[in-house]
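Chemist: what follows is a predicted structure for the sequence shown.
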Amino acid sequence: MRYFYVLFTSIIIFVMASFTPKPKLTITSSSFSENGMIPAQYSCEGVQASPPLHITNIPAGTQYLALILHDPDAPREGGFTHWVVWNIDKAGVIAENFKGAEQGLNGADKRGYIGMCPPSGTHHYHFMVYALDSKLNLDKNTNKAALEKAMEGHILAEGDLVGLYKKAGK
């Protein structure tokens with residue numbers, strides 16, 4: 001009987017530990033607030049520079065950060081990915097018009113950042129950042145799906161900053 005009690009207790013502890021949520025990164029921008037409007041300079045109506053981002057609450061053991069900027073409201077299956085970046089310095093500062101780290105393919109199959117350009121209405125842009133326990137050795141043609149697959153088992157924490165954008169007069 002004691003054997004079953006120890007086994008049962010061990011299983012319960014294991015299951016509970018498996019469902020412990022990952023720590024949450026905090027992502028902010030000096031250019032817009034959570035659920036705030038993203039300035040036009042970062043869009044197809046501006047210079048298409050990426051906005052500055054600041055990441056905090058980065059857990060111990062983090063080696064690098066990765067970022068995916070995605071618009072789930074885009075009128076195409078699965079939405080539209082504006083930016084795929086990995087091996088970002090763990091210091092947590094992504095400067096405006098960031099060109100560093102490893103930049104993969106956006107939804108237009110171009111390397112690097114492409115600004116917001118919704119055909120109509122207001123869209124939600126998710127700046128999803130991941131704290132990783134290792135460097136990722138990926139091909140330059142890596143897209144969102146390939147980055148997500150490569151990060152499996154390496155994510156220590158994640159966070160999401162949502163910004164909104166609507167084209168002028170639309």
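Modeler: Yep, that arrived.
Chemist: from now on I want contacts and neighbour counts done on CA atoms only, so please keep to that.
Modeler: OK.
Chemist: does the residue most central in space within the chain have beta-bridge partners, and which?
Modeler: In the chain, the centroid-proximal residue (C-alpha atoms, centre = their mean) is Met128; its distance is 2.0 Å. Met128 forms beta bridges with Ile68, Asp160, as assigned by DSSP bridges.
Chemist: ok, which stretches of this structure are helices?
Modeler: In the chain, the helices defined using DSSP state H lie at 2-18, 144-151.
Chemist: the residue nearest to the centre of the chain contacts Thr81, correct?
Modeler: No: here Met128 does not reach Thr81: they are 11.1 Å apart, not a contact under C-alpha atoms under 8 Å.
Chemist: mutual contacts of these two, please.
Modeler: Common neighbours of Met128 and Thr81, using C-alpha atoms under 8 Å, 6 or more residues apart in numbering, are 68-70.
Chemist: would TSV of those with distance to Asp89 and pLDDT be doable?
Modeler: Listed next are those as TSV, based on distance: C-alpha to C-alpha, whole Å; pLDDT from 0 to 100:
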residue	distance to Asp89	pLDDT
Ile68	15	98
Leu69	17	98
His70	21	97
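Chemist: by mean pLDDT, show me the worst of the helices of the chain.
Modeler: Ranked by mean pLDDT, these bottom out at helix 2-18, with a mean of 54.
Chemist: what about Leu164, neighbour count?
Modeler: The number of residues packed near Leu164 is 19, by other C-alpha atoms under 10 Å.
Chemist: you'd agree it is up against Ser33?
Modeler: No: assessed by C-alpha under 8 Å, Leu164 is found out of contact with Ser33, at 9.5 Å.
Chemist: pull out the buried positions in stretch 93-103.
Modeler: 93-94, 98, 102-103 (16 or more other C-alpha atoms under 10 Å).
Chemist: ok, stretch 49-57 next?
Modeler: 49-53, 55.
Chemist: between those residues, which is nearest Arg76?
Modeler: Ser50 (22.4 Å; C-alpha to C-alpha).
Chemist: quick one, what contacts the residue nearest to Ile94 when sequence neighbours are not counted?
Modeler: In space, and not counting its chain neighbours, Ile94 is closest to Leu53: 5.0 Å by C-alpha to C-alpha, 6 or more residues apart in numbering. Going by C-alpha under 8 Å, 6+ apart, Leu53 touches 27-30, 92-96.
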